[in-house]
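Q: the following comprises the amino acid sequence and a computationally predicted model.
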Amino acid sequence: MANERKTENIVRKHFSDYDLINIEEQKSDNPKIHKLLKNASKKGLNHGYPEFIISFEDRRDFLIVIECKGDPKKHESITRDKYSEYSVDGVLLYGSFLSKEFDVLCIAVSGETAKELKVSHFLYLKDQQVAIQKFGNKLLSPSDYVLGYLQSPEKFRQDYSSLLSFSKDLNEYLHTKKVKESQRSLLISGILIALENKVFKISYKQHSKPEDLAIALVNTIATELQNANLHNKKLANLKQAYGFISTHTALSTEDNVLEDLISDIDDHVNNFIKTHRYFDVLGQFYIEFLRYANSDKGLGIVLTPPHITELFCDLAGVNKDSIVLDNCTGTGGFLISAMNKMIKDSNEDTVKIKSIKEKQLIGIEYQDDIFALACSNMYIHQDGKTNIIHGSCFDPDIISQVKLSKPNIGLLNPPYKNKKKKSDTEELLFILNNLEMLQTSGTCVAIIPMDRALSTKGVLLNLKTKLLENHTLEAVFSMPDELFINSKVGVITVVMVLTAHKPHPKNKETYFGYWKNDGFIKRKNRGRIDFFNSWSAIKENWLNSYINRKEIPGLSVKKVVTPLDEWCAEAYMETDYNKISPKDFINSVKKFVLFKKLNDIDE
């Protein structure tokens, strides 16, 4: 007969060598854990008693619960509902109860010897109905478990959902305190910068007067930026941008307003940034804060969703040696995604990481407040020296300055032209500008409204002609219709991939992708999200098709094109009319009407 005590000894010995963890057997001294297990008996009666419960001193919201069986044949049942007989079944039962208050890693272990040992892991996130199998079939160290848990896509989605919820609540609160939409993201970024200062983080609650705290906050921001060795002109611009904090009525005179705000930002945002590095957090707040502001749409600001900025990096082949340029930087989303990919490719080479942050990321931003936001965003990601240039990307001096850095990757989402404003700059001009600054054979990836790629007359025809005369159109992808719905913009877009300073060959086939379904769906109060966790597989399929230039029915096609042709997949893919229903027609008409309304198209 199998001896379960032998299995327990193996597990006990494995975890006994590690510090900073608390190992309890059968029951816990933590009253919250004890209460949750009160009705978790494997036989449906009374209290549940797992073999081991592991908690962490520095991460109180995460538990490991372990269930053991001596017989490997008793590892897992087909139905997973024989809780007292099988280790997987039992540990998942405990996890389902504990996940009401904790994130729980459930570990099932079966077997009397290390050689025959069976191990299964399941991550049960708080308030989730389903556990996800992870970590393979061997026992790992507690630090590996914590790292894998924190960096898991499931944990990111959970934290990101909480961040979006917090951003909505914060937006409403700042509205009641009369903080302008355009100042809200700057306020958040300033607080995050100040919290990097250890003295301020410890002492900010000790100020007895709101005005003293407001002044201390602004002074700390200035000190931190100054210590980042920013150029004097850039530093002066940033100090001016944050100056409103010390004069705003609610922030500087009302008790607890600024103090509570700093505390909430530290808890909800700073912790997210520390856990999920190189994510454009401020961009997400900016989207929320300016969602209903007239200035946002009027300025043509459409912030790129994070999964698309990551896709751009994959399309461009960003690596540790890339020098990346975004001539329409915005909040810095493309640069942050590029930084993330480049640092991962560096294999923790600290010298290379320093070079990436200081020399290999170049941004240009024209608007004062957005420039300040981009600089602070890069600073928050432990980089105060990134080459964010304040000015027009069409300025000859700035063009010359950027060329000295020899960028070979261009990523951009230019300001979208308001058709009623003839003075607005054409999006294709921003693409040509980016290409001009790239090295020969460099790669430019840009997203623009689809109708700019479809036009075959006038100014746009001339610009398309200029593109092909000087550069190669490698690919055009038709993107999801509601890609920018989180920014309350209904523009339909395409992504272009171009090779710099290589004239388009006469008979070259351009790859056209019909990338309309990214797996994201709309959810009330959350916008478009990867609800079914399907994006990773979809992106892999898209990239595989593009890299290998595969023609796949319904997804991709290759075509020789000229400036007089429409640059989109829809123009060349054959339609399977057997798959079109009256409902599809009705939905298409609705989307067309919505598109016209959101883009102020009357004709």
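A: Looks like it arrived, so ask away. Worth saying up front: this structure is predicted, and the values here are computed from it rather than measured.

Q: only C-alpha atoms from now on, for both contacts and neighbour counts.
A: Fine.

Q: which strand residues bridge the nearest residue to Lys69 once chain neighbours are set aside?
A: With sequence-adjacent residues excluded and distances taken as CA to CA, 6 or more residues apart in numbering, Lys69 is closest to Ser110, at 4.6 Å. Counting by DSSP bridges, Ser110 forms beta bridges with Lys69, Lys118.

Q: and the pLDDT for Ser110?
A: At Ser110 the predicted local confidence, pLDDT, stands at 95.

Q: count of neighbours near it?
A: Using other CA atoms under 10 Å, Ser110 has 28 other residues around it.

Q: my read: it touches Lys138, true?
A: No. Using CA atoms under 8 Å as the test, Ser110 is too far from Lys138 to be in contact (11.3 Å).

Q: what touches both of the two?
A: Taking CA atoms under 8 Å, 6 or more residues apart in numbering as the contact rule, the neighbours common to Ser110 and Lys138 are 118-119.

Q: quick one: the helices in the stretch 351-500 of the chain?
A: In the stretch 351-500 of the chain, the helices defined using DSSP state H, counting those that start in this stretch lie at 368-380, 396-403, 427-437, 450-454, 458-470.

Q: who are the packing partners of the last one?
A: Going back to what we said before, that points to helix 458-470. helix 427-437 (3 or more CA pairs under 8 Å, 6 or more residues apart in numbering; DSSP states H and E).

Q: if we use 10 Å, what do you get?
A: helix 427-437, helix 450-454, strand 493-499 (3 or more CA pairs under 10 Å, 6 or more residues apart in numbering; DSSP states H and E).

Q: want to throw these into a markdown table with mean pLDDT?
A: Conversion of these to a markdown table gives the following (pLDDT from 0 to 100):
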| stretch | mean pLDDT |
| --- | --- |
| helix 427-437 | 98 |
| helix 450-454 | 95 |
| strand 493-499 | 98 |
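
Q: tell me which of the ones you listed is the most buried.
A: Neighbour counts (mean count of other CA atoms under 10 Å) averaged over each of the helices and strands packed on helix 458-470 peak at strand 493-499, with a mean of 24.

Q: what pairs with that one, parallel or antiparallel?
A: Sheet pairing of strand 493-499 (DSSP bridges) gives strand 443-449 (antiparallel), strand 472-478 (antiparallel).

Q: can I get these in JSON lines including distance to Ala222 and mean neighbour count?
A: As requested, those are exported to JSON lines (distance: least, CA to CA, whole Å; neighbours: other CA atoms under 10 Å):
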{"stretch": "strand 443-449", "distance to Ala222": "35", "mean neighbour count": "24"}
{"stretch": "strand 472-478", "distance to Ala222": "43", "mean neighbour count": "24"}
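
Q: those: which one's closest to Leu373?
A: strand 443-449 (21.6 Å; CA to CA).

Q: quick one, the closest one and helix 427-437 angle?
A: Inter-element angle recorded for strand 443-449 and helix 427-437: 170 degrees (by axes from the mean of the first three to the mean of the last three CA atoms, to 10 degrees).

Q: alpha carbons only: can I get strand 443-449 in CSV?
A: Extracted C-alpha coordinates of strand 443-449, given in CSV (Å, rounded to 0.1, in the frame of the first residue of the first chain):
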residue,chain,number,x,y,z
THR,A,443,12.3,49.1,-41.8
CYS,A,444,9.4,51.5,-41.2
VAL,A,445,6.1,50.3,-39.8
ALA,A,446,3.2,52.8,-39.7
ILE,A,447,-0.5,52.7,-39.1
ILE,A,448,-2.8,55.2,-40.9
PRO,A,449,-6.4,55.5,-42.0
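
Q: returning to what we had before: relative to Thr304, which of the strands paired with strand 493-499 is closest?
A: strand 443-449 (8.9 Å).

Q: for Ile188, see how far away the residue nearest the centre of the chain is.
A: Residue closest to the mean C-alpha point of the chain, counted by CA atoms, centre = their mean, is Pro306 at 4.1 Å. Distance of Pro306 to Ile188, given as CA to CA, to the nearest Å: 19 Å.

Q: can you check Lys354 too?
A: Following CA to CA, the distance that separates Lys354 from Ile188 is 26 Å.

Q: I figured Ile54 was touching Asn22, is that so?
A: Yes. Counting by CA atoms under 10 Å, Ile54 does reach Asn22; the two are 5.5 Å apart.

Q: looking at these two, which is more packed in?
A: The neighbour comparison of Ile54 against Asn22 (other CA under 10 Å) goes to Ile54, with 19 against 15.

Q: so what's that one bridging to?
A: Ile23, Ile64.

Q: tell me, what's the model's pLDDT at it?
A: 93.

Q: ditto for Arg523
A: 83.

Q: now for it, how many residues are close by?
A: 11.

Q: report pLDDT for the closest residue in space to it that isn't next to it in sequence.
A: Distance criterion CA to CA, 6+ apart; nearest residue to Arg523, sequence neighbours excluded, is Ile529 at 7.1 Å. Listed pLDDT for Ile529 reads 86.

Q: same check, this time on Leu594
A: Taking Leu594 on its own, its pLDDT is 62.

Q: thinking again about what came up before, quick one: closest of the strands paired with strand 493-499 to Ile547.
A: Going by CA to CA, the one of those nearest Ile547 is strand 472-478, 10.5 Å.

Q: how many residues are close by Ala571?
A: For Ala571, using other CA under 10 Å, the count is 12.

Q: what sits against it?
A: 454, 512, 559, 565 (CA atoms under 10 Å, 6 or more residues apart in numbering).
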